[in-house]
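# I need the structure of the sequence given here:
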Amino acid sequence: MAGPSLPVDGPLFLGLISGTSVDGIDAALVAFDPAPRLIFGRTYPMPAALAAEVLRVSQADARLSLDDMGALDTRLGQAFAEAANHLIEAAGVPRARIHAIGSHGQTLRHRPSGDAPFTMQYGDASLIAERTKITTVADFRRRDVAAGGQGAPLLPVLHAALLRTTDEDRAVLNLGGIANLTLLPAHGSVRGFDTGPANGLMDAWCLRHRGERFDRDGAFASEGQADASLLDRLLDEPWLSLPPPKSTGRDQFHLDWLQEKMQGLALTPADVQATLLAYTARTVADALRRTQPDCRRVLACGGGVHNRALMAQLRRELPAQVIASTADYGVDPDFLEAMAFAWLARETLAGRPGNLPEVTGAAGLRILGAIHPG
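Got it, this is the predicted structure:
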């Protein structure tokens, strides 16, 4: 297989992220010439025991000892470092060409509101820097939270750079564990916010009932029928009616939350899965209709773009919009998030802000992340 097409000059950056679905570590090698360009991308599976532990502790009622917290931070750091090293080897790129790694880490808790707001991403960045010998920038969200923001989403500025046009109002829909929208009006400010669950609940339900970590092509959901009573209960979640800026995570939308909503209902597992798929599509569509009703095109990325049943349901919910993958517009949907953290590392090292206050609600522009020299 031919190696990646490298720019003649200029540094490369490497982005790492494991999202709320915990389905693997996405690693992306990115050049900026001057627009961001994916050079090489791979997804490396999270070790099964580690993924199971992350899924367990990211639920709202999980408890960890201090020793367990420290060990988990180290184990995640080791997994991220291994993914970075595998990518560098697979790409055949001289390590000296890589200026920095931007590591999002693994979100375990995200509580950006209340009396003591915080966001918690694990994956020891000092260990990544040590094992890769490359400067690593991490902990991107906490500075925005400290400035009164949600700390998320952080991708809208990159979405705008790659996919905005002055010809029409567009939206970028990231279908990870959580769904979020970036609104790209032809004229006016970029906005973005989480809309609710995307794959996270479906993945967890599929794992419980099928022993599989995700519902390939929506096959499990397609065996059932969405239940109107359960869907109404799910749509009655107060968080959905909050105005942007807002963000959420698996600590809010999890299986215990789902079980409470299901009380008194006798449904097959497939019917529940079909309802969860309908819930994702409906909450995305409702949010888009409220915030950018003149949107003409929705460009989807993230793992959910490969779920054909989910994409079909989104088209039914949004018949006035073109629903397409970012791949149709030259942007790999599987590595857009990882590319964003390569970009954020570049911005941090250049002393430039990485947040958009109109998206996160922060008090102003802030330089994000902490630098761990290689």
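
# give me the three-state assignment for residue 310.
Put simply, residue 310 is helix when judged by DSSP: H, G, I helix; E, B strand; the rest coil.

# and it, what does it touch?
With contact taken as Cβ atoms under 8 Å, 6 or more residues apart in numbering, residue 310 is in contact with 175, 218, 221, 277, 280, 281, 304. In short, each C-beta sits where N, CA and C put it, glycine included.

# tell me the mean pLDDT for stretch 264-274?
Mean pLDDT, stretch 264-274: 97.

# what is the end-to-end distance of that stretch?
Terminal residues of stretch 264-274 are spaced 18 Å apart (Cα to Cα, to the nearest Å).

# low-confidence stretches in the chain?
Counting by pLDDT under 70, the ranges of the chain that qualify are 1-3, 8, 60.

# how far out from the middle of the chain is the helix of greatest length in it?
The residue-count maximum for a helix in the chain (DSSP state H) belongs to helix 66-91. Its chain's C-alpha centre and that of helix 66-91 lie 18 Å apart, by Cα atoms, centre = their mean, to the nearest Å.

# show me what that helix is packed up against.
Counting contacts by 3 or more Cβ pairs under 8 Å, 6 or more residues apart in numbering; DSSP states H and E, helix 66-91 is packed against strand 12-18, strand 25-32, strand 36-44, helix 48-57, strand 98-111, strand 118-122, helix 125-132.

# check which helix or strand covers residue 365.
Under the criterion DSSP states H and E, no helix or strand holds residue 365.

# now for the closest residue to it other than its chain neighbours, how many residues are close by?
Nearest residue to residue 365, sequence neighbours excluded (Cβ to Cβ, 6 or more residues apart in numbering): residue 353, at 3.7 Å. For residue 353, the neighbour count with other Cβ atoms under 10 Å is 17.

# now do the strands in the stretch 201-350 of the chain.
Taking DSSP state E, counting those that start in this stretch as the criterion, the stretch 201-350 of the chain carries its strands at 297-301, 322-325.

# where's the residue of the chain most remote from its centre relative to residue 230, distance?
Using Cα atoms, centre = their mean, the residue of the chain lying farthest from its centre is residue 264. It sits 33.2 Å away. Distance, residue 264 to residue 230, by Cβ to Cβ, to the nearest Å: 10 Å.

# what angle separates the longest helix of the chain from helix 125-132?
40 degrees (axes from the mean of the first three to the mean of the last three Cα atoms, to 10 degrees).

# specify which member of the contacts of residue 310 is nearest to residue 155.
Using Cβ to Cβ, residue 175 is the member of the contacts of residue 310 that lies nearest residue 155, at 12.5 Å.

# list the residues that contact the residue nearest to that closest one when sequence neighbours are not counted.
Leaving aside its chain neighbours, residue 175 sits nearest to residue 304 (2.6 Å; criterion: Cβ to Cβ, 6+ apart). By Cβ under 8 Å, 6+ apart, residue 304 lies in contact with 175, 176, 179, 198, 199, 280, 310, 311.

# try 6 Å
Residue 304 sits next to 175, 198, 199, 310 when contact means Cβ atoms under 6 Å, 6 or more residues apart in numbering.

# what does residue 148 give?
Residue 148 neighbours (Cβ under 6 Å, 6+ apart): 362, 363.

# ok, residue 134 next?
98, 101, 374.

# columns neighbour count on top of those, output as a markdown table?
Formatted as a markdown table, those follow (neighbours: other Cβ atoms under 10 Å):
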| residue | neighbour count |
| --- | --- |
| 98 | 24 |
| 101 | 29 |
| 374 | 17 |
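
# which stretches of the stretch 251-374 of the chain form helices?
Counting by DSSP state H, counting those that start in this stretch, the stretch 251-374 of the chain has helices at residues 255-261, 269-291, 308-317, 336-349, 357-360.

# quick check: which of these is buried the most?
Most buried of the helices of the stretch 251-374 of the chain, by mean neighbour count (mean count of other Cβ atoms under 10 Å): helix 336-349, with a mean of 26.

# how about residues contacting it?
13-15, 17, 26, 28, 30, 36, 38, 100, 102, 104, 137, 140, 155, 158, 301, 354, 367, 369.

# narrow those to those that are buried.
Among the contacts of helix 336-349, those scoring as buried are 13-15, 17, 26, 28, 30, 36, 38, 100, 102, 104, 137, 140, 155, 158, 301, 354, 369 (criterion: 16 or more other Cβ atoms under 10 Å).

# alpha carbons only: can I get stretch 319-326 in PDB?
These are the backbone C-alpha positions of stretch 319-326, laid out as PDB (Å, rounded to 0.1, in the frame of the first residue of the first chain):
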ATOM      1  CA  PRO A 319     -37.700  15.900   4.300                       C
ATOM      2  CA  ALA A 320     -36.900  19.500   3.300                       C
ATOM      3  CA  GLN A 321     -33.200  19.100   3.900                       C
ATOM      4  CA  VAL A 322     -30.500  17.200   1.900                       C
ATOM      5  CA  ILE A 323     -29.000  14.700   4.400                       C
ATOM      6  CA  ALA A 324     -25.500  13.600   3.300                       C
ATOM      7  CA  SER A 325     -22.200  12.400   4.600                       C
ATOM      8  CA  THR A 326     -19.300  14.800   4.900                       C
END
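
# just to check, residue 132 is in contact with residue 84?
Yes - between residue 132 and residue 84 there is a contact at 5.1 Å, judged by Cβ atoms under 6 Å.
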